[in-house]
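Undergrad: From the sequence below, what's the structure:
(one chain, ligands or ions: 2)
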Amino acid sequence: MDNCIFCKIVNKEIPAKTIYEDKDIISFLDISQATKGHCLVVLKKHFDDITSTDDEKLAKAILIAKKIAIRQLKTLDGIIGVNIINNTLEGAGQTIMHTHIHIIPRYKDDKLVIGFPNNFGKNSDEELDILVKKLKI
Ligand code: AMP
Ligand code: ZN
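TA: Numbering: from 1, shown residues only. Ligands and ions are numbered 1, 2, ... in the order given. Predicted coordinates:
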């Protein structure tokens, strides 16, 4: 895909600090290191976002993400957890429209903010039932 940064990395047109590569997937350090050791798992084939991504390749990508998280937990000093995140579409923070997964090591006082508001009890049972109807797959 023209002008896609991750396609350029896949095609070795721009460099990356690669930690894993096979025929379907490449993984490298995120250029901006939200925390030390922040990695990306990128599918070599261009899919705009997770919803249009080939199932088999996506399954492979999440398994690689798991392996990287295990490696991070074993090797990075001070690590206390890992966030495995995918941003789908701009509204959710996706800035590069080529499917990828973030594997972000967590450290005490790392200042990274990934939080959910506590909305427990704010939705009625009826509202939750309507959501279940809409979301059942
Ligand atoms: P997202 O916002 O979920 O689309 O994530 C895109 C990520 O790609 C950001 O965390 C960027 O820091 C990262 N990024 C952008 N350009 C590069 C690059 N050339 N090499 C490595 N990571 C990059
Ligand atoms: Zn691409």
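Undergrad: I'd like the average pLDDT over stretch 5-20.
TA: Stretch 5-20 shows a mean pLDDT of 98.
Undergrad: Also stretch 98-108?
TA: What stretch 98-108 shows for mean pLDDT is 98.
Undergrad: What residues sit buried inside it?
TA: For stretch 98-108, the neighbour count (16 or more other Cβ atoms under 10 Å) marks H98, T99, H100, I101, H102, I103, I104, P105, R106, Y107 as buried. The C-beta positions use only the backbone N, C-alpha and C, and glycine is treated the same way.
Undergrad: Please see if that stretch touches ligand 2.
TA: Yes: residues of stretch 98-108 contacting ligand 2 under Cβ under 5 Å from the ion: H98.
Undergrad: how far is that stretch from where the chain is centred?
TA: Relative to the mean C-alpha coordinate of its chain, stretch 98-108 is positioned 6 Å out (Cα atoms, centre = their mean, to the nearest Å).
Undergrad: Tabulate the CA atom coordinates of it in CSV.
TA: Written as CSV, here are the backbone C-alpha positions of stretch 98-108 (Å, rounded to 0.1, in the frame of the first residue of the first chain):
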residue,chain,number,x,y,z
HIS,A,98,-2.2,-1.0,8.9
THR,A,99,-3.2,-3.6,11.4
HIS,A,100,-0.9,-3.9,14.4
ILE,A,101,-0.8,-4.8,18.1
HIS,A,102,1.0,-2.9,20.8
ILE,A,103,2.8,-4.8,23.5
ILE,A,104,3.6,-2.3,26.2
PRO,A,105,5.6,-3.2,29.3
ARG,A,106,4.5,-1.6,32.5
TYR,A,107,6.7,-0.3,35.3
LYS,A,108,6.0,1.1,38.7
